[in-house]
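Undergrad: with the sequence up front, the predicted model follows.
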Amino acid sequence: MRSLLLITILFTLIVTSNGQASGNIDNKLQKHTYLTTRIHGGIVVPHHVNMMYFIDDFSGGIEITYGRSLFTPQSWESYFNYPEIGLGFYYGTFGNKDIYGTGYALFPYINYNIYRSPKLSIQNKVSMGLGYATKPFDIETNTYNTVFSSHLNVYIGLALLMDYRIHKHFSLSASASLTHLSNGAYRKPNHGVNTLTASLGAKYHFNDALTPVLPKEVAPPSNKREVLIVGSIGRSQSTPYNQQLYWSGSLSINHLWHINEKRAVGLGFDQFYSETAPYSWEAYEKAGEEATFSTQDYLFNAVFASYNVFLGKTTLFVNVGTYLHTNIKPPQPVYPRLGIRHYVTKNLIANFSVKASFFRSEFLEFGLGYSFRYNKKNKA
């Protein structure tokens, strides 16, 4: 799970570097910082049938976040209506402590503004980081836990937030949140656990000035073009009772057409290598106990369309692809791929992504890439 630790470090560097790269951070009218505590209560969503028999309690938790908003016109933040970004910690329960234990998470986040006045803000939150589960699946002592099978996991959180300023240093906070914890099929079983909670809390404002209400800047249109070549590797387990870890990897070539300084669309080609595919795609069961596979069974290629959102040096992307050729029939002909890229230098890219099959993760991958840029000028 070293790749998950690298992911969290990468996200932390992203938040830090983006925060330092924009504007005059010493001006209190430009930079607002916050410390927020929320108490969560809700339910575990039993998205897998066997979970329905074991969930016997509500889900609860506590969340602490430290964030900042930078009100600097013509920065990348201005194109997104000056969001709050920061780091958070979460502790939560999963409806049955004896089987599922409890979980912890450390995560970077970004809160996009839906509505903002000097005292009231309504935001939607996106977060992703490193999670820890106290009681994962164990083939001898905890076979009922089929939601996660490793201590280290990926944490993903979505939320709708509302804060109201009641004092120059304090706001009341409320939220509705959906969280997900799983290891991306690094270890199996890996159905993952989802919690749906509501929360109440308080936000401390280190800056006593009211929140500025600035007009949202329009991202300048762009004629930029870019070719990305990214190579990634990962490891995953094929079945719960096969403890061996198999290698996976990909080579991705993607041509991006920049719409503006905020978004781009692309078309590309994927070459995948996955030693788990013959097993997770059910070819093993159909072939019988004596099944053997060759390198050709691990290779498959595809084409994809991509959508990209730029947050300073960081890019969030979603790819949707379709297979051109496989020796083994995939579960579905179309696959999604979600990820994050960060420009370490002008051209060197760090990449983390999740290759999935419908809503089931196949493997996590971490890699490096290179950007070839041309037609670099923005539109007039």
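TA: Here it is on my side, so go on. Numbers count the residues shown, from 1 in each chain.
Undergrad: in the protein, which residue is most central in space?
TA: The residue lying closest to the centre of the chain (CA atoms, centre = their mean) is residue 128, at 4.3 Å.
Undergrad: that one pairs with what?
TA: In this structure, residue 128 bridges to residue 156 when assessed by DSSP bridges.
Undergrad: so what's residue 140 up against?
TA: Contacts were defined as CB atoms under 8 Å, 6 or more residues apart in numbering; by that measure residue 140 touches no other residue. C-betas here are computed from N, CA, C, even on glycine.
Undergrad: rewinding a little: for the residue nearest to the centre of the chain, what are its contacts?
TA: Going by CB under 8 Å, 6+ apart, residue 128 touches 11, 107, 108, 154, 155, 156, 157, 340.
Undergrad: which residues in the protein form helices?
TA: Counting by DSSP state H, residue ranges of the helices within the chain are 2-20, 97-100, 277-280, 283-287, 295-298.
Undergrad: pull the contacting residues for residue 270.
TA: 250, 251, 252, 301, 302, 303, 304, 321, 337.
Undergrad: how about 7 Å then?
TA: Contacts for residue 270 (CB atoms under 7 Å, 6 or more residues apart in numbering) come out as 250, 252, 301, 302, 304, 321.
Undergrad: okay if I get those residues as a markdown table plus distance to residue 31, neighbour count and pLDDT?
TA: Formatted as a markdown table, the contacts of residue 270 follow (distance: CB to CB, whole Å; neighbours: other CB atoms under 10 Å; pLDDT from 0 to 100):
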| residue | distance to residue 31 | neighbour count | pLDDT |
| --- | --- | --- | --- |
| 250 | 39 | 23 | 94 |
| 252 | 37 | 26 | 97 |
| 301 | 47 | 15 | 94 |
| 302 | 44 | 23 | 96 |
| 304 | 39 | 20 | 98 |
| 321 | 41 | 22 | 95 |
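Undergrad: filter the residues you listed down to just the ones in strands.
TA: Taking DSSP state E, the ones among those that sit in strands are 250, 252, 301, 302, 304, 321.
Undergrad: my guess is the last one meets residue 301, correct?
TA: Same thing as residue 321. No. Between residue 321 and residue 301 there is no contact under CB atoms under 7 Å: 9.6 Å.
Undergrad: still on that earlier bit, including distance to residue 224, could the contacts of residue 270 go into JSON lines?
TA: Below are these laid out as JSON lines (distance: CB to CB, whole Å):
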{"residue": "250", "distance to residue 224": "25"}
{"residue": "252", "distance to residue 224": "19"}
{"residue": "301", "distance to residue 224": "27"}
{"residue": "302", "distance to residue 224": "26"}
{"residue": "304", "distance to residue 224": "20"}
{"residue": "321", "distance to residue 224": "23"}
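Undergrad: just the residues you listed now: which is nearest residue 344?
TA: Nearest to residue 344 among these, counting by CB to CB, is residue 252 at 17.3 Å.
Undergrad: roughly how far does the nearest residue to the closest one once chain neighbours are set aside sit from residue 349?
TA: Counting by CB to CB, 6 or more residues apart in numbering, residue 252 lies nearest to residue 230, which is 4.8 Å off, once chain neighbours are set aside. Separation of residue 230 from residue 349 (CB to CB, to the nearest Å): 6 Å.
Undergrad: what is in contact with the two at once?
TA: By CB under 7 Å, 6+ apart, the residues touching both residue 230 and residue 349 are residue 369.
Undergrad: more neighbours, the two?
TA: A side-by-side neighbour count of residue 230 and residue 349, using other CB atoms under 10 Å, places residue 230 first with 23 against 19.
Undergrad: what's the local residue count around residue 343?
TA: Residue 343 has 17 neighbours, counted by other CB under 10 Å.
Undergrad: was I right to think it contacts residue 310?
TA: No. Using CB under 7 Å, residue 343 is not in contact with residue 310, being 9.8 Å away.
Undergrad: how much space between the closest residue to residue 222 other than its chain neighbours and residue 219?
TA: Among residues not flanking residue 222 along the chain, residue 258 sits closest, at 4.1 Å (CB to CB, 6+ apart). To residue 219, residue 258 is 10 Å away according to CB to CB.
Undergrad: what do you get for residue 319?
TA: Residue 319 sits 22 Å away from residue 219, going by CB to CB.
Undergrad: neighbour count: the two, which is higher?
TA: Neighbours per residue (other CB under 10 Å) separate residue 319 from residue 219, with residue 319 holding more: 22 against 17.
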